[in-house]
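Chemist: Kindly generate the corresponding structure for this input.
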Amino acid sequence: MRKGKGKLVILLIAVLLAAGFGYRVYRLATEKKAPSGPQEAQETIVKVTPVEKGTIRQDIRRTGDVEAMSSVQVFPKIPGRLVKLSVEKGGVEVPLEEGLAVEKDKTIAVIDHEDLDAQVNQATAAFSTAQARLKQADVLLAQTEKDLERTRNVFKEGGISRQALDKIEAEYESLVAQRDVAKAALDQSQAALNQANIQLKECFIRAPISGVISEKYLDEGDMAMVTRPIVTVVDVDKVKVTADLAERYIGQVRQGTPASLELDSFPGRVFEGIITNISPILNVINRTVKLEITVENPQHGLKPGMFARVTLNVAKKEGVAIVPEAAIVRDASGEYVFVVKDGVARRRDVVLGMEEGPRVEVSSGLEPGEILVLTGQHRVKDGQRVRIQN
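Modeler: You can find the predicted model right below:
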C-alpha cells in the first residue's frame, strides 16, 4: 500500500517538472521572435495622399422620363371623307407621314367640301338678295319720310284734311316695319353665310402647333369622324424630363436649378437642362413632388419615352480643402484624420462640409497640401512614427 502511494507521488513530481521545463522553452522561443529595437515595434506602415484644393458639388441623383414639351391630337370638327393629307413645303405638296415636321397653322388635311361649297354659294346668293331688299326698303322709306314731312307742313297750313295725313303716316309706319323685316332677313342671311363659311373653313385642318407628326391614324380616302384623331403633333424642339423628388430634398431645389442628364442612347454624353416647374402638391403615397426639367433639343435626338438619369446640382464650392472619405476616422468624439509631418502622425479633428461621392469637403482642421494618411490610420496613434509606403 505504501509502495503504491510512493510511486504516485514520484509520477506527479515528474509531470510538474516536465511542464515547467516546457513553459521555459516556450518563453525563450517567444522572446527570440520579438523585435529587437523599440522603434521597429512602434513604426506603422501607411499610405498617404496630399490634401486637395478644388471644387466640390453637392448633387441629388434621380431617374426620369423624357416627354414632349407639348403633344396635341388633331381631331376634325366635322365628319367627312379625307381628300387630302399633305402639307405644302417649298411649293410642293408633301404626303403627311410620321416624322414629318410641320409648322403651326399650315394646312395638313382637307375634308371633302363639295356640298359645303354649294351651301356657301346658296347662302351668298340669299345674302345678296336680302341686301337688295333692304336697300329697296331704305330708299322707299326715305322717300315716304320726305312726303310725310311735306304733308305735315301742308296740314298745318290747312291745305289737307286730317284723314289724308293719317293715311300717309300709316303708310310710313308700314314701310318702317317692312324695312325692319328686311333688316332682320339680312341679318339672318348673314348668319347663315357665316355658318356656311365656318363649316367650309373647318374642312381645311391646320397644324395646331409647330412640331413633328408622331402618329398618323388615317389615310387619304378614309372617313374622318369628330371622335377620332387624324394625327398627333409633338413639339420636340425642347423636351421636358419628369422626375420624382423625395420630400427631404424639396428645400434644396428651385426653379432654375441646373440639371444634367445621361441616357443609355448617348453613352458618354451629358445633356444640360434646368428645373422649370416644381409641383405644388406632395404625393402622400411616396412622399415626393414632381419636377419638370426643360432641355434644348434642336437636333431632336432626345425622344419622348426615353429613360434618363438626372443629376441636380444643388450646391457648389470652389477652392476648398477636399479629402477622400476613406481617410476619415469616426468615433464617439467626432471626425478626425491623421497627417504626417517629419515621419510622425498627428491627429487633426476636422469639420466636414459637402460630399460628392467619395470626396468630402473639410471646412476646418486641414489645409490644402498637407500630407494625409489614407490607409493604416486605424492602427496609428497621435505622435506615433510612421513609415510611408510608396
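
Chemist: these two touch, right, Gly64 and Gly305?
Modeler: No - with contacts counted by CB atoms under 8 Å, Gly64 stays clear of Gly305, the gap being 11.8 Å. Placement of C-beta: from N, CA and C, glycine included.

Chemist: Name the residue in these two with the higher neighbour count.
Modeler: The neighbour count for Gly64 versus Gly305, taken as other CB atoms under 10 Å, is higher for Gly64 (22 against 9).

Chemist: does that one count as helix, strand or coil?
Modeler: Per DSSP: H, G, I helix; E, B strand; the rest coil, the secondary structure class of Gly64 is strand.

Chemist: Now it: closest residue in space that isn't a chain neighbour?
Modeler: Ala243 (3.3 Å; CB to CB, 6 or more residues apart in numbering).

Chemist: That neighbour contacts Arg62, correct?
Modeler: Yes - under the criterion of CB under 8 Å, Ala243 makes contact with Arg62 at 4.5 Å.

Chemist: Now do the shared contacts for the two.
Modeler: Leu291, Val310 (CB atoms under 8 Å, 6 or more residues apart in numbering).

Chemist: Pick out whichever of the two has more residues nearby.
Modeler: Counted by other CB under 10 Å, Ala243 and Arg62 do not tie: Ala243 has more neighbours, with 23 against 19.

Chemist: mind listing what the more buried one touches?
Modeler: Arg62, Thr63, Gly64, Asp65, Lys290, Leu291, Ile293, Ala308, Val310.

Chemist: now do 7 Å
Modeler: Arg62, Thr63, Gly64, Leu291, Ile293, Val310 (CB atoms under 7 Å, 6 or more residues apart in numbering).

Chemist: List the contacts of the first one.
Modeler: Translated: Arg62. Ala243, Asp244, Leu245, Val310 are the contacts of Arg62 under CB under 7 Å, 6+ apart.

Chemist: Quickly note the distance from it to Glu202.
Modeler: Per CB to CB, to the nearest Å, Arg62 is found 45 Å from Glu202.

Chemist: ok, back up a step: report the buried members of the contacts of Arg62.
Modeler: By neighbour count, with 16 or more other CB atoms under 10 Å, the contacts of Arg62 hold Ala243, Leu245, Val310 as buried.

Chemist: Please narrow the residues you listed to those residing in strands.
Modeler: Of the buried ones among the contacts of Arg62, the ones assigned to strands by DSSP state E are Ala243, Leu245, Val310.

Chemist: Ala259 is in contact with the last one, correct?
Modeler: Yes - with contact taken as CB atoms under 7 Å, Val310 and Ala259 are classed as touching, separated by 5.8 Å.

Chemist: what sits in contact with each of those two?
Modeler: Common neighbours of Val310 and Ala259 (CB under 7 Å, 6+ apart) are Ile293.

Chemist: mind listing what the nearest residue to Pro208 once chain neighbours are set aside touches?
Modeler: Spatial nearest neighbour of Pro208, excluding adjacent residues (CB to CB, 6+ apart): Val72 at 4.9 Å. Counting by CB under 7 Å, 6+ apart, Val72 makes contact with Pro208, Ile209, Thr232, Val233.

Chemist: Sketch out the strands for the stretch 251-390 of the chain, chain order is fine.
Modeler: Assignment of strands within the stretch 251-390 of the chain using DSSP state E, counting those that start in this stretch yields the ranges 258-262, 271-278, 288-296, 307-324, 329-331, 334-341, 344-349, 351-356, 359-364, 371-375, 386-388.

Chemist: For the ones you listed, give me CSV that also has mean pLDDT and distance to Lys77.
Modeler: Converted to CSV, those look like this (pLDDT from 0 to 100; distance: least, CB to CB, whole Å):
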stretch, mean pLDDT, distance to Lys77
strand 258-262, 94, 39
strand 271-278, 95, 31
strand 288-296, 95, 31
strand 307-324, 90, 37
strand 329-331, 91, 69
strand 334-341, 93, 69
strand 344-349, 93, 75
strand 351-356, 87, 56
strand 359-364, 90, 60
strand 371-375, 92, 72
strand 386-388, 89, 81
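
Chemist: Name every strand pairing with the helix or strand where Val212 lies and say which way it goes.
Modeler: Using DSSP states H and E, the element containing Val212 is strand 211-216. Strand pairing for strand 211-216, using DSSP bridges, gives strand 101-102 (antiparallel), strand 231-246 (antiparallel).

Chemist: if we compare those, which one ends up closest to Val110?
Modeler: strand 231-246 (13.4 Å; CB to CB).

Chemist: In a helix, Asp117, correct?
Modeler: Yes - under three-state DSSP, Asp117 sits within a helix.
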